[in-house]
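J.: quick one: sequence and predicted model below, then my questions.
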Amino acid sequence: MSANTLTRADLTEAVFQAVGLSRNESAQMVEDILEELCSALSKGETVKLSSFGTFAVRQKSQRMGRNPKTGDEVPIAPRRVLVFRPSHVLKAVINGQAPPEGGDD
């Protein structure tokens, strides 16, 4: 796997090693999962991956911003943004702690 970045190819290789499907089937499985995730998020649905975290889409309303160079006020258009909230299990793993016993986040 890459030193600093996990890529689709890395995910495909991990599925290939763990599940034993062919490389083409592993690649298709990774693509299908990512496509389903994107599709759900584009519809505004929340995606919860147990023991990993929750992806959600939030609506931001229009607001006034400021051009840092000129100081002029500029309207910032309303938009949808993707947010991720990690589970307590993922937070524990990242901090080198044992995951808490009990339910998923």
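T.: Received it, and whenever you're ready, just let me know what you need. Residues are numbered from 1 along each chain as shown.

J.: could you pull up the contacting residues of the residue located most distally from the centre of the chain?
T.: In the chain, the greatest distance from the average C-alpha position (Cα atoms, centre = their mean) is reached by T70, at 35.4 Å. If a contact means Cβ atoms under 8 Å, 6 or more residues apart in numbering, then T70 has no contacts. In short, each C-beta sits where N, CA and C put it, glycine included.

J.: what about it, which SS state?
T.: coil (DSSP: H, G, I helix; E, B strand; the rest coil).

J.: and the strand or helix carrying V93, C-alpha only, in PDB?
T.: In this assignment (DSSP states H and E), V93 forms part of helix 88-94. Extracted C-alpha coordinates of helix 88-94, given in PDB (Å, rounded to 0.1, in the frame of the first residue of the first chain):
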ATOM      1  CA  HIS A  88     -15.900   6.500  19.100                       C
ATOM      2  CA  VAL A  89     -14.300   3.300  18.000                       C
ATOM      3  CA  LEU A  90     -12.400   5.000  15.100                       C
ATOM      4  CA  LYS A  91     -11.300   7.800  17.500                       C
ATOM      5  CA  ALA A  92      -9.900   5.200  19.900                       C
ATOM      6  CA  VAL A  93      -8.000   3.400  17.200                       C
ATOM      7  CA  ILE A  94      -6.500   6.600  15.900                       C
END
